[in-house]
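Asker: Provide a 3D model corresponding to the input given below.
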Amino acid sequence: MRCPVHLSIGQEAIAVGVSAALERRDFVLSTHRAHAHYLAKGGDMRRFIAELYGRATGCCGGHGGSMHLIDLSANMLGSTPIVGNIVPVATGVAFATWLDGRDEITVVYLGDGATEEGAFVESINFAALKALPIVYVVENNFFSVYSPLSVRQPPARDVVGIAASHGIAGARGDGNDVEEVYRLATIAATHARSGAGPYVLEFETYRWREHCGPAYDNELGYRSIAEFESWRARDPIAAMERRLSQTSTIEPKSREDMARECAAEVDDAFAFALASPFPTGQSFGDAYSSVTAGR
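Answerer: Next up, the predicted model:
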């Protein structure tokens, strides 16, 4: 697969919890690490994998790749890889719905590094000014590529506090606890939809894999093995599975059936992608048609 991929492994609970608090008509925009956001909002699995393979059946006709995912049928409006770039775009989407008097809300995902960009402060300032229906979801995984927070931000820096200084409501939570994410996201979505203005959520989480790619990169020394293992022990999927089993919410056979169904869906998507053709020289128009076909 000759396409840089930024995997969401370890960070899945945020996308799932936030999406569960949204309605299908709500809009979502994302960053370079967009896989979980796309799938949790209802993006098409087959078109997703085909896009990673650069195939014409991909969600961007094979021209976008891993960092440019879109599915208009699920109102996943797209993702862009430039750090902080998507924040003003999403703010513009929220402004459009505000101008039209509609009650959809917009959610934009961004990393901790994006909060260091001027675009973030400019966007939340405008959102506060117009009381826009938007939720800014900060996925704080502590690293910008290989640079930890300690070399990028002063210790007392507080993203939720920065939002509060603009009169914006906000909250911070455990990004590996899907139920806590859902609870806070529901509060944020209700706030934004009611006309009360923007909301900022910050969730702490951790990416397991290398910054870009499917391997592990702990040997580079930018994080310790002990730190990595402590976060891997907090696997949000395994934690939720244990919680459901302990409360008898899900029986072992049901869990096994779900796992088989998920595995079959993934296998089908890869088979579909590999059987799909590559784009042709005239397919930029086809790519546009592919994107808009989901409307």
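Asker: buried residues in stretch 95-109, which are they?
Answerer: Buried residues in stretch 95-109, counted by 16 or more other CB atoms under 10 Å: 95, 97, 98, 104, 105, 106, 107, 108, 109. Every C-beta, even on glycine, is put in place using the N, C-alpha and C of the backbone.
Asker: the nearest residue to residue 220 once chain neighbours are set aside and residue 82: what is the separation?
Answerer: Excluding the flanking residues, the one nearest residue 220 by CB to CB, 6 or more residues apart in numbering is residue 146, at 6.6 Å. The gap separating residue 146 from residue 82 is 18 Å, by CB to CB, to the nearest Å.
Asker: residue 211: what's it in contact with?
Answerer: 6, 143, 145, 146, 217 (CB atoms under 8 Å, 6 or more residues apart in numbering).
Asker: show me the two of the residues you listed that sit farthest apart.
Answerer: The most widely separated members of these, counting by CB to CB, are 6 and 146 (13.7 Å).
Asker: of these two, give the one with the bigger neighbour count.
Answerer: residue 6 (19 against 13; other CB atoms under 10 Å).
Asker: quick check, pLDDT for that one.
Answerer: The per-residue pLDDT reported for residue 6 equals 95.
Asker: pull up the gap between it and residue 45, please.
Answerer: For residue 6 relative to residue 45 (CB to CB), the value is 18 Å.
Asker: show me the helices in the stretch 101-250 of the chain, by range?
Answerer: 118-130, 159-164, 178-193, 225-232, 236-246 (DSSP state H, counting those that start in this stretch).
Asker: doesn't residue 222 make contact with the residue nearest to residue 220?
Answerer: Yes. Assessed by CB atoms under 8 Å, residue 146 is found in contact with residue 222 at 4.1 Å.
Asker: quick test: name the residue nearest the centre of this protein.
Answerer: Compute the mean C-alpha point of the chain, and by CA atoms, centre = their mean the closest residue is residue 37, 3.4 Å away.
Asker: please name the residues that touch the closest residue to residue 33 other than its chain neighbours.
Answerer: For residue 33, ignoring the flanking residues on the chain, the nearest one in space by CB to CB, 6+ apart is residue 6 at 4.2 Å. Residue 6 is in contact with 32, 33, 34, 35, 66, 67, 211, 212, counting by CB under 8 Å, 6+ apart.
Asker: restricted to buried residues, select those residues in ChimeraX.
Answerer: Filtering those down to the buried ones (16+ other CB under 10 Å) takes a single ChimeraX command:
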select :32,33,34,35,66,67,211,212
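Asker: can you put the contacts of residue 6 in a markdown table and add secondary structure?
Answerer: What follows is the contacts of residue 6, written out as a markdown table (DSSP: H, G, I helix; E, B strand; the rest coil):
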| residue | secondary structure |
| --- | --- |
| 32 | coil |
| 33 | coil |
| 34 | coil |
| 35 | helix |
| 66 | coil |
| 67 | coil |
| 211 | coil |
| 212 | coil |
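Asker: can you list the contacts of residue 6 in a markdown table and add pLDDT and distance to residue 186?
Answerer: As requested, the contacts of residue 6 are exported to a markdown table (pLDDT from 0 to 100; distance: CB to CB, whole Å):
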| residue | pLDDT | distance to residue 186 |
| --- | --- | --- |
| 32 | 95 | 27 |
| 33 | 96 | 23 |
| 34 | 97 | 22 |
| 35 | 97 | 23 |
| 66 | 95 | 30 |
| 67 | 94 | 29 |
| 211 | 93 | 31 |
| 212 | 93 | 33 |
